[in-house]
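*Asks:* Give me a model of this one.
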Amino acid sequence: QVQLVESGGGLVQAGGSLRLSCAASGRTFSVGWFRQAPGKEREFIVRIFWSSGSTYYADSVKGRFTISRDNAKNAVYLQMNSLKPEDTAVYYCAAKLAAWSTVYDYWGQGTQVTVSS
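*Replies:* Modelled structure (predicted):
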């Protein structure tokens, strides 16, 4: 069992920045960030492999968001710059336990990000 706890959400003006954190109780194969806006489906944003640090970004956030990890702290961060009102959503981190996992095995509770225009 791995617990994931997100933090760092809040209210920010358009063009501003926020840094989200995802603290994991154990090591996993990969961690991804997702978001869900009201009335919309959950959207994949980015993922990182713990061992290699390899990343993959959705086009909607490429160039604005950066994912990183701290192996010592078992934490993953999402630096969000040049925020837009359409980035408003609840942001979730999720973890896959193994490379062969077809779905994310564990999810955090989410943190609200609101971008005002």
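*Asks:* all strands of this protein, in order?
*Replies:* 4-7, 10-13, 18-24, 30-36, 43-49, 55-57, 65-70, 75-80, 89-96, 106-107, 111-116 (DSSP state E).
*Asks:* Throw the ones you listed into TSV and include mean neighbour count and mean pLDDT, thanks.
*Replies:* Quick note: C-beta positions are derived from backbone N, CA and C, even for glycine. Shown next, in TSV, are these (neighbours: other CB atoms under 10 Å; pLDDT from 0 to 100):
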stretch	mean neighbour count	mean pLDDT
strand 4-7	18	96
strand 10-13	13	98
strand 18-24	20	97
strand 30-36	22	97
strand 43-49	19	97
strand 55-57	15	97
strand 65-70	18	96
strand 75-80	21	98
strand 89-96	23	98
strand 106-107	16	96
strand 111-116	17	98
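*Asks:* Now do stretch 69-76: everything it contacts.
*Replies:* 21-27, 31, 33, 48, 50, 53, 67-68, 77, 93 (CB atoms under 8 Å, 6 or more residues apart in numbering).
*Asks:* so how far is it from its chain's centroid?
*Replies:* 13 Å (CA atoms, centre = their mean, to the nearest Å).
*Asks:* What is the end-to-end distance of that stretch?
*Replies:* End-to-end distance of stretch 69-76 (CA to CA, to the nearest Å): 4 Å.
*Asks:* same question, stretch 82-98
*Replies:* First-to-last residue span, stretch 82-98, CA to CA: 33 Å.
*Asks:* do stretch 92-112 as well
*Replies:* 9 Å.
*Asks:* Off-centre distance for that stretch?
*Replies:* Distance of stretch 92-112 from the chain centroid (CA atoms, centre = their mean) equals 10 Å.
*Asks:* Stretch 91-105 too?
*Replies:* The mean C-alpha position of stretch 91-105 is separated from the chain mean by 12 Å, CA atoms, centre = their mean.
*Asks:* got the contact list for it?
*Replies:* Residues outside stretch 91-105 that contact it (CB under 8 Å, 6+ apart): 2, 4, 6, 9, 20, 22, 24, 28-36, 42, 45, 76, 78, 106-113.
*Asks:* again with stretch 9-16
*Replies:* With CB under 8 Å, 6+ apart as the test, stretch 9-16 has contacts from 18, 20, 82-85, 91, 111-117.
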